[in-house]
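S.K.: Any chance you can model this:
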Amino acid sequence: MSPSTTTPTARPAPLPVAGQPFTHGNGFDALSFRHSQFDGAMDPLVMVDHYTMSEPTFGAHPHAGMSAVSILFEDSVGRFHNRDSLGHRIDLLPGDLYWLKAGRGAVHDEAPTPGSRTHGLQVFVNLPAAHKQDAPDALHISHTAMPVLTGEGYRVRLVLGETGGIEGAHSPALPMTILDGQLEAAGTFRHASPAGHAVWILAVEGELAVRLDETVTPDANPAATPTSADGLTRIPAGQAVALPAADLARTLTLVSSKGGHFALLQAVPVREAFVQQGPFVMSSQEEINTVQAAYARGELGSVD
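M.R.: Take a look at the predicted model:
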């Protein structure tokens, strides 16, 4: 019997999904993406808001059963003051990341300081049921500690995780890779995604397209998946694609003919049913009720 061989096959990504406009008060504008828009392919992400904030908006609020992740883009201006019930008081700077693993419950508040403007992503990441009662934890990563990959036509910040053999910081909860990338006109960047990982890609600004190169065995049927002429899925600014976890490793090729800004988030799906109610993501409505009662009794702490 001859040995089995594998060949790369280009496949299109799923169709992009547009973010829903969301405004709160006078200082918060966002395009909001929810897990329900992606038929489960966004897992473990529950929600992503691509936002700008120019004044305090939400005040101190609780979280439980999930991680709240703040990713600041480099074009933010000024400082983003972050407080939580773990005792942290941190001014985030443009390009920084703050990961709050709420676990069984924590209280959080973040707002731009006077005269500041924050541009970034607010991400809710699900926690497996086995970890929803973990003690809260948090991680601040300064932009100065993030590796930056540069090449012809691209500049990509490794906010978290690993790409191209380069390793960055690790989250205090689910392992995740977060890339914040800029492509020049005719720029190309490739990211190797391991088997079993789901990927979510947002076109922040400009023009972006993605191609998947999967490693398939000879008995696979590439024709079962329709392909575009060049194998590219184009993602307009303000839209995102969710790539479900695959059994095989794949290479994602991100290209831009005119220049663009993208964010890529990658992790292993949790694959568990959950109930989201505002800032709580629990396994059942009963658990939601329990944590709401705990918050009302002051058991999640405070930022005062």
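
S.K.: residue closest to the middle of this protein?
M.R.: For the chain, the residue sitting closest to the mean C-alpha position, by CA atoms, centre = their mean, is Leu265 at 4.2 Å.

S.K.: what sits against that residue?
M.R.: Listed by CB atoms under 8 Å, 6 or more residues apart in numbering, the contact set of Leu265 reads 45, 48, 123, 176-178, 199-201. Every residue, glycine included, has its C-beta placed from N, CA and C.

S.K.: can you do 10 Å?
M.R.: By CB atoms under 10 Å, 6 or more residues apart in numbering, the contact list for Leu265 reads 42, 44-45, 48, 69, 71, 121, 123, 125, 159-161, 176-179, 198-202, 240, 242.

S.K.: what distance separates the helix or strand harbouring it from the centre of its chain?
M.R.: Leu265 belongs to strand 260-267 when assigned by DSSP states H and E. Chain-centre distance of strand 260-267: 7 Å, with CA atoms, centre = their mean, to the nearest Å.

S.K.: and what of stretch 111-126?
M.R.: Using CA atoms, centre = their mean, the offset of stretch 111-126 from its chain centre is 14 Å.

S.K.: Go through that stretch and flag the buried ones.
M.R.: Buried residues in stretch 111-126, counting neighbours by 16 or more other CB atoms under 10 Å, are found at 111-112, 116-126.

S.K.: Now do the end-to-end distance for that stretch.
M.R.: Using CA to CA, to the nearest Å, one end of stretch 111-126 lies 23 Å from the other.

S.K.: now stretch 94-110
M.R.: Start and end residues of stretch 94-110 are separated by 14 Å (CA to CA).

S.K.: Ok, stretch 188-202 next?
M.R.: Stretch 188-202 stretches 16 Å from its first residue to its last (CA to CA).

S.K.: Show me which positions of that stretch end up buried.
M.R.: Residues 188-189, 191, 193, 197-202 are the ones in stretch 188-202 that count as buried (16+ other CB under 10 Å).

S.K.: out of those, who's nearest Leu149?
M.R.: Leu149 has its nearest neighbour among these in Phe189, at 7.9 Å by CB to CB.

S.K.: shouldn't the closest one be in contact with Leu252?
M.R.: Yes - with contact defined as CB atoms under 10 Å, Phe189 counts as touching Leu252 (8.7 Å).
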